[in-house]
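Engineer: here is a sequence together with a model predicted from it:
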Amino acid sequence: MRMAEAPVSCDCFVSLPPGSRDDHVIFGKNSDRPRDEVQEVTSYPAASHPPGSMLECTYIQIPQVEQTHAVVLSKPAWMWGAEMGANDQGVCIGNEAVWTREPVVPGEALLGMDLVRLGLERGDSAWAALAVITGLLEQHGQGGQCREDPGPFSYHNTFLLVDRNEAWVLETAGRLWVAHKVTEGVKNISNQLTIGADISAEHPELRSVAQAQGWWDGEGEFNFSQVFSPENPPARMELAKQRYRGGTELLQQHDGSVTAEVMMSILRDKPSGICMDSGGFCTTGSMVSVLPKDTSLPCIHFFTATPDPSRSIFKPFIFSECSTRVLRVVSPQFGPDDPVRKQPRFQTQVDRRHDLYKAHQVALNTMETNPDKGLDVYETLRDLESQCLSEISAMLSGEIPGEELGDLFFDCVDTEIKFYQ
């Protein structure tokens, strides 16, 4: 019964050539969150901001920058930040909860999810986004309530940052951090520290803090995960080890042949626990991105915008000048009356379900009460997903022009809702 403590868990994956079948970088993430939390998919255009303006994040205000990139985000509807997303520069980021020997400082700061969004809005490459996140950590710290509930629950974060050329794993402990660069092959992260002695960049005070705390003698090899992993890790970190191993095995099975479809199948994998459904938690949103190394080709970002990828379909989003904002996957807004805005926070609950979420809930119910009918609907939708994947594959191999696909996300969401009705 140790699972009674909230197991926030996620899994992020990347495949770089030669791990990928084509000359593409493939990114994937399952966001595992409290079962009833609604995840919306929302996009924001690039923008200029007047000098001196302030930006309201989930809990704190920070100075805004003059220019922000266009972003598409899969985010818990109650917060400003995002679990995962991409920008129009071909950068994707996902985060994971971790616990380390550095205590989580009480009080409100930037959430890990805020840092994901800030990295995307401000970074034009994976490394630039990493520099944004580490700079903001230094200035503002990380912390604050991580779920829509008054019971205290917060954590530190690890991040997977990916662009068309490389990936970075960034692991943090309070304001301290360490990073590892990945330039080829496959890599995954779960809720644990994975960077050992193979360090590509680090906080200037990382080793001196470890030495001052008596965690490292300053003599032997400096292994970050050994030095900073907690002595009594929470049950959720122990459980993550199985998912981490399962994820590594699945990636290795497909090493050399990873495609968007393969990444989707990994995110749908129940036996490994990667497609999570356990206690009060489940996979509430999933994302897969295809980042072609050829910069003349667009990046494609697939989102479910609904829980449980094994019973959802991935719909493709492509940044374009004229794409319509897809309001049917955006949650209602509650303004100053939102329980996250009022002090004390989270005293009441509001209905954050968007149109697609509601329609999908009805369909899930049908799958359970009338499995034959439910299976028919789901198989039809999986056919729609396959059709989209083959259109995109044709576009990436130059058979059809990309401009025609700007409203594909809108069309797919619309079609999915119609099927459910």
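Structural biologist: Received it, and whenever you're ready, just let me know what you need.
Engineer: list the buried residues for the helix or strand harbouring Ala129?
Structural biologist: Per DSSP states H and E, Ala129 falls inside helix 126-140. Buried residues in helix 126-140, counted by 16 or more other CB atoms under 10 Å: 126-127, 129-134, 136-137, 140. Yep, even glycine has a C-beta here, placed from its N, CA and C like the rest.
Engineer: list of residues touching that helix?
Structural biologist: For helix 126-140, contacts defined as CB atoms under 8 Å, 6 or more residues apart in numbering pick out 60, 62, 91, 93, 109-110, 115, 118-120, 122-123, 159, 161-163, 165-168, 170, 172, 175, 177, 179, 201, 203.
Engineer: and if you look at stretch 195-215?
Structural biologist: Applying CB under 8 Å, 6+ apart, the contact partners of stretch 195-215 are 101, 130, 134, 168-169, 171, 175-181, 216-218, 221-228.
Engineer: ditto for stretch 40-49
Structural biologist: 64-75, 77, 88, 121, 285, 303, 305, 317, 323, 325-326, 329-331, 352, 354.
Engineer: quick one: average pLDDT of that stretch?
Structural biologist: Mean per-residue pLDDT for stretch 40-49: 97.
Engineer: ok, now stretch 407-421?
Structural biologist: Averaging pLDDT along stretch 407-421 gives 93.
Engineer: just the CA trace of it, in PDB.
Structural biologist: This file holds the C-alpha atoms of stretch 407-421, laid out as PDB (Å, rounded to 0.1, in the frame of the first residue of the first chain):
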ATOM      1  CA  ASP A 407      -4.900  22.800 -40.200                       C
ATOM      2  CA  LEU A 408      -4.500  19.000 -39.800                       C
ATOM      3  CA  PHE A 409      -4.700  19.200 -36.000                       C
ATOM      4  CA  PHE A 410      -8.000  21.200 -36.200                       C
ATOM      5  CA  ASP A 411      -9.400  18.700 -38.700                       C
ATOM      6  CA  CYS A 412      -8.300  15.600 -36.700                       C
ATOM      7  CA  VAL A 413      -9.800  16.900 -33.400                       C
ATOM      8  CA  ASP A 414     -13.000  17.800 -35.200                       C
ATOM      9  CA  THR A 415     -13.300  14.400 -36.800                       C
ATOM     10  CA  GLU A 416     -12.500  12.600 -33.500                       C
ATOM     11  CA  ILE A 417     -15.300  14.400 -31.700                       C
ATOM     12  CA  LYS A 418     -17.700  13.600 -34.600                       C
ATOM     13  CA  PHE A 419     -16.800   9.900 -34.300                       C
ATOM     14  CA  TYR A 420     -17.600   9.900 -30.600                       C
ATOM     15  CA  GLN A 421     -21.000  11.500 -31.200                       C
END
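Engineer: buried set for it?
Structural biologist: Across stretch 407-421, burial judged by 16+ other CB under 10 Å covers 408-417, 420.
Engineer: low-confidence ranges, the stretch 1-150 of the chain, go.
Structural biologist: Within the stretch 1-150 of the chain, the segments meeting pLDDT under 70 span 1-8.
Engineer: ok, back up a step: for ChimeraX, what selects the buried ones among the contacts of helix 126-140?
Structural biologist: Restricted to buried positions by 16+ other CB under 10 Å, the ChimeraX selection for the contacts of helix 126-140 reads:
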select :60,62,91,93,109,110,115,118,119,120,122,123,159,161,162,163,166,167,168,170,172,175,177,179,203
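Engineer: in strands only, show me the contacts of helix 126-140.
Structural biologist: Counting by DSSP state E, the contacts of helix 126-140 place 62, 93, 159, 161-162, 167-168, 170, 172, 177, 179, 201 in strands.
Engineer: state the distance from Leu170 to Ser286.
Structural biologist: According to CB to CB, to the nearest Å, Leu170 stands 21 Å off from Ser286.
Engineer: and if you look at Val329?
Structural biologist: 13 Å.
Engineer: what touches both of these two?
Structural biologist: In contact with both Val329 and Ser286: Phe303, using CB under 8 Å, 6+ apart.
Engineer: what's the burial count for Trp215?
Structural biologist: By other CB atoms under 10 Å, 16 other residues sit near Trp215.
Engineer: and what of the one 3 residues further on?
Structural biologist: Other residues near Gly218 number 10, with proximity taken as other CB under 10 Å.
Engineer: residues contacting it?
Structural biologist: Gly218 makes contacts with 207, 211, as judged by CB under 8 Å, 6+ apart.
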